[in-house]
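Trainee: Here you go, sequence then predicted model.
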Amino acid sequence: MAEEVTEGVEHVLEPDSELRLEIEDKNAKVYVTLLSGFAEMFGTELVKKKKYEIRGGGAFFTYQGCVLNVVGKTDVSYISKETPMVQYLNCHGALENMSVIAEDKDERGPVCMVAGPMDVGKSTLCRILLNYAVRRGRRPLYVDTDVGQGSVSIPGSIATILIERPASIEEGFSQTAPLVYHFGHNSPSGNGVLYKTIITKMARATLGLLNDNKRTKYSGVVINTCGWVKGGGYLNLLHIAQAYNVDAIFVLDQERLYNELLRDVPSNIRVVLLPKSGGVVERSRDLRNESRDGRIKEYFYGNRTPLYPFSFEVKFQDLKLYKIGAPPLPDSCMPIGMKAEDNKTKLVAVTPSYGLLHHILAVSFAESVEDDVIGSNLAGFVCVTDVDIERQSLMILSPQPRPLPNTILLLSEEQFMDSHA
């Protein structure tokens, strides 16, 4: 039964325990304040007496003990002593030791990958490891290869970002200057050949970024992965591990995956099995779709801090619109020397039509098809809110005012129904 609180409830936490909150109502106002002691949320320390607005829920862990005040309506709130946080801290300690050794030898720091099925807390463990690293003065790179949810960019893309300060309790990591590549599907199965191609290009770019700054070079990389871990999904994990030359793989909550990776990756890669937190909630397909839509809405309209996107008309003749991947042809119909797989990474011109309505278009920095479009960073995203065949124009929702940059637009399968329109 949900509890209605007006004055607030004080929770006294013993050392090495955590307060878990679940909040299903998106409009619920729940506030958490640290009254005494020390506490953190996913590796970010709470400031004493500061009131934090929490949406969706969270876990507040304390190593030394603390008192937390919770105001608002929660669906679930309880204190648990059964928490894997100490094991997660040990993983951070191992990575920190590798960073210290890298510093002594002037070598690249640790590259670790977090793997596991859906809804086991992979993004949360990445956030914890990154926050702990930053609190030790490190500047790691965070790579998000989960095209289904997208914790750095919107779904349908993969991204790398430099982490220079702990994530904000309310807003997450600062999103300045991410490196984002277009994929255009919310599962790697949408185009497996393209997914692996992008992973390889992103790995090359990311490992190159390590050389730009000594602190980042020693700090290393944390890689988040998709929850698809069988068949083609498993082969993608092996491909990511190889492309990034990973040193450690943290497997959450699945012994089968742990044993398969132990068998299949080189023996110099450390594979560690970790429990998921009891506070991790399994989401239905509808909830995952809702979360995906929420990420896109947040991109255009902001989260706690509102953004005000622009809406303007673009003529068909001014569009350079493409999609990546042509329909498969039998090998007998292919030009000599080409394989059907080559079609999966081919740039195909798109004729504007009503079919574009509500679709996301990625704005590439590539200026022509002669550029490496697949391996080009994205300037951002726009959404098609109306198609007028008579006027030969589209209405576009964009974070930037007109005009669109004179670059290539890439069609995504992702759609967004703009309720503000």
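Mentor: All right, it came through fine. Numbering: from 1, shown residues only.

Trainee: alpha carbons only for contacts and neighbour counts from here, please
Mentor: OK.

Trainee: any chance you could map the strands in the stretch 201-350 of the chain?
Mentor: Listed in chain order, the strands of the stretch 201-350 of the chain (DSSP state E, counting those that start in this stretch) span 221-224, 248-252, 270-274, 310-315, 321-324, 347-349.

Trainee: Adjacent strands (with direction) for the one helix or strand residue 52 maps to?
Mentor: Following DSSP states H and E, the helix or strand that holds residue 52 is strand 51-54. Sheet pairing for strand 51-54, assigned by DSSP bridges, gives strand 30-37 (antiparallel).

Trainee: The helix or strand following the partner strand: partners in the sheet, and parallel or antiparallel?
Mentor: Using DSSP H and E, the helix or strand that follows strand 30-37 in sequence is strand 40-41. If you go by DSSP bridges, strand 40-41 pairs up with strand 44-45 (antiparallel), strand 57-62 (antiparallel).

Trainee: In TSV, list those strands along with mean neighbour count, distance to residue 134 and mean pLDDT.
Mentor: Converted to TSV, those look like this (neighbours: other CA atoms under 10 Å; distance: least, CA to CA, whole Å; pLDDT from 0 to 100):
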stretch	mean neighbour count	distance to residue 134	mean pLDDT
strand 44-45	22	10	96
strand 57-62	23	18	93
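
Trainee: Among those, which comes closest to residue 17?
Mentor: strand 57-62 (5.8 Å; CA to CA).

Trainee: which is the next helix or strand following that closest one?
Mentor: Assigned by DSSP H and E, the successor of strand 57-62 is strand 66-71.

Trainee: For that following strand, list the C-alpha coordinates in PDB.
Mentor: Presented in PDB, the C-alpha positions along strand 66-71 are these (Å, rounded to 0.1, in the frame of the first residue of the first chain):
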ATOM      1  CA  CYS A  66      22.900   7.900   8.600                       C
ATOM      2  CA  VAL A  67      19.500   9.400   9.100                       C
ATOM      3  CA  LEU A  68      17.400  10.200   6.000                       C
ATOM      4  CA  ASN A  69      14.100  12.100   5.800                       C
ATOM      5  CA  VAL A  70      11.600  11.100   3.100                       C
ATOM      6  CA  VAL A  71       8.700  13.400   2.300                       C
END
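
Trainee: Mind listing residues that contact it?
Mentor: Residues outside strand 66-71 that contact it (CA atoms under 8 Å, 6 or more residues apart in numbering): 5-15, 30-39.

Trainee: per-residue confidence averaged over it?
Mentor: Confidence for strand 66-71, expressed as mean pLDDT, is 96.

Trainee: before we move on, what about stretch 256-267?
Mentor: 97.

Trainee: which other residues reach it?
Mentor: 116, 229, 238, 251, 271-273.

Trainee: what residue ranges in the stretch 1-150 of the chain score low on pLDDT?
Mentor: Applying pLDDT under 70 to the stretch 1-150 of the chain flags residues 1-7.

Trainee: Just the buried residues of the contacts of strand 66-71.
Mentor: For the contacts of strand 66-71, a burial check counting by 16 or more other CA atoms under 10 Å picks out 8, 11-15, 30-35, 37-39.

Trainee: closest to residue 47 among those residues?
Mentor: residue 34 (6.9 Å).

Trainee: Tell me the spacing between the closest one and residue 54.
Mentor: Distance from residue 34 to residue 54, counting by CA to CA, to the nearest Å: 13 Å.

Trainee: Residue 70 pairs with what?
Mentor: residue 9, residue 32.

Trainee: and the gap between it and residue 168?
Mentor: Taken as CA to CA, the span from residue 70 to residue 168 is 19 Å.
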